[in-house]
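K.L.:
I would like the atomic coordinates for the input below:
(one chain, ligands or ions: 1)
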Amino acid sequence: MLYPIIGYGHPTLRKVAQPIDKNYPGLDQLIADMYETMYAADGVGLAAPQIDLSIRLVVIGFRPYDEKTETYGSPTEEHTLINPEILEYLGEKQYFNEGCLSIPDIHEDVLRPEGLRLRWYDEKWQLHEEEIHGMFARVAQHEIDHLEGKVFTDRLSSIRKTMLKRRLNDVMSGKVRVHYRMKINKTKK
Ligand code: ZN
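P.N.:
From the prediction side, this is the model:
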């Protein structure tokens with residue numbers, strides 16, 4: 001089942017999401033539906049708050065990029081993060097161009113550490129504590145921000161934020177054209 005994705009300005013995107021346990025109802029189906037929703041929207045990551053569920057659940061799926069051949073390989077690398085926790089940041093900070101399914105049409109370079117030591121449960125409730133790098137670490141940080149009520153535009157300089165203000169207002173009032181279903185919060189702030 002495809003979920004509608006909530007847009008910038010919706011209050012759920014600003015909430016700190018709650019941890020879940022094994023008894024969370026319908027979890028397997030929810031995870032499957034989140035992958036389906038993410039791929040249908042051409043995303044590489046989706047956090048549960050983006051489908052209006054304030055819980056600490058993230059799905060990630062991307063094709064590995066080979067810098068030597070400048071091509072995307074297969075198969076798709078997938079990670080389900082339940083109750084993820086960043087234990088340590090690793091490596092240098094780097095800029096990477098990010099976008100977000102909740103903030104269509106805006107892509108900006110965001111500075112984040114290259115790697116992480118991350119603890120999480122996967123969809124089988126196996127506990128992981130690993131050093132992660134590259135694309136996985138980048139997407140994980142973006143999605144974990146969603147669990148904390150943050151979005152990537154919060155991390156931009158105030159000049160960039162000011163420049164984007166009108167376009168963010170457009171997203172808030174639903175003036176966006178996307179090929180996936182969005183739920184916009186129509187109430188005035
Ligand atoms: Zn996002």
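
K.L.:
mind listing the strands for this protein?
P.N.:
5-6, 45-47, 57-62, 65-66, 71-72, 77-100, 103-121, 127-132, 182-183 (DSSP state E).

K.L.:
can you flag the weakest of those strands by average pLDDT?
P.N.:
Mean pLDDT is lowest for strand 65-66 out of the strands of the chain, coming in at a mean of 78.

K.L.:
adjacent strands (with direction) for that one?
P.N.:
strand 71-72 (antiparallel) (DSSP bridges).

K.L.:
how many residues are close by residue 171?
P.N.:
Look at residue 171: counted by other CB atoms under 10 Å, it has 23 neighbours. Glycine gets a C-beta too; all of them are placed from N, C-alpha and C.

K.L.:
isn't it up against residue 6?
P.N.:
No - counting by CB atoms under 8 Å, residue 171 stays clear of residue 6, with 10.8 Å between them.

K.L.:
for these two, list the residues in contact with both.
P.N.:
With contacts taken as CB atoms under 8 Å, 6 or more residues apart in numbering, residue 171 and residue 6 have residue 184 as neighbours in common.

K.L.:
how many residues are close by residue 146?
P.N.:
What residue 146 shows, counting by other CB under 10 Å, is a neighbour count of 24.

K.L.:
would you mind writing the CA trace of stretch 83-99 as PDB?
P.N.:
What follows is stretch 83-99, C-alpha atoms only, in PDB (Å, rounded to 0.1, in the frame of the first residue of the first chain):
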ATOM      1  CA  ASN A  83      15.100   2.900  17.000                       C
ATOM      2  CA  PRO A  84      18.500   4.000  15.500                       C
ATOM      3  CA  GLU A  85      21.000   5.800  17.700                       C
ATOM      4  CA  ILE A  86      24.000   7.700  16.600                       C
ATOM      5  CA  LEU A  87      26.900   6.800  19.000                       C
ATOM      6  CA  GLU A  88      29.700   8.700  17.400                       C
ATOM      7  CA  TYR A  89      30.500  10.800  14.300                       C
ATOM      8  CA  LEU A  90      33.400   9.700  12.200                       C
ATOM      9  CA  GLY A  91      35.600  11.400   9.600                       C
ATOM     10  CA  GLU A  92      35.600  14.800   8.000                       C
ATOM     11  CA  LYS A  93      32.500  16.800   7.400                       C
ATOM     12  CA  GLN A  94      31.500  16.900   3.700                       C
ATOM     13  CA  TYR A  95      29.000  18.600   1.500                       C
ATOM     14  CA  PHE A  96      26.500  16.500  -0.300                       C
ATOM     15  CA  ASN A  97      23.500  17.600  -2.400                       C
ATOM     16  CA  GLU A  98      20.300  16.500  -0.600                       C
ATOM     17  CA  GLY A  99      16.600  16.500  -1.300                       C
END
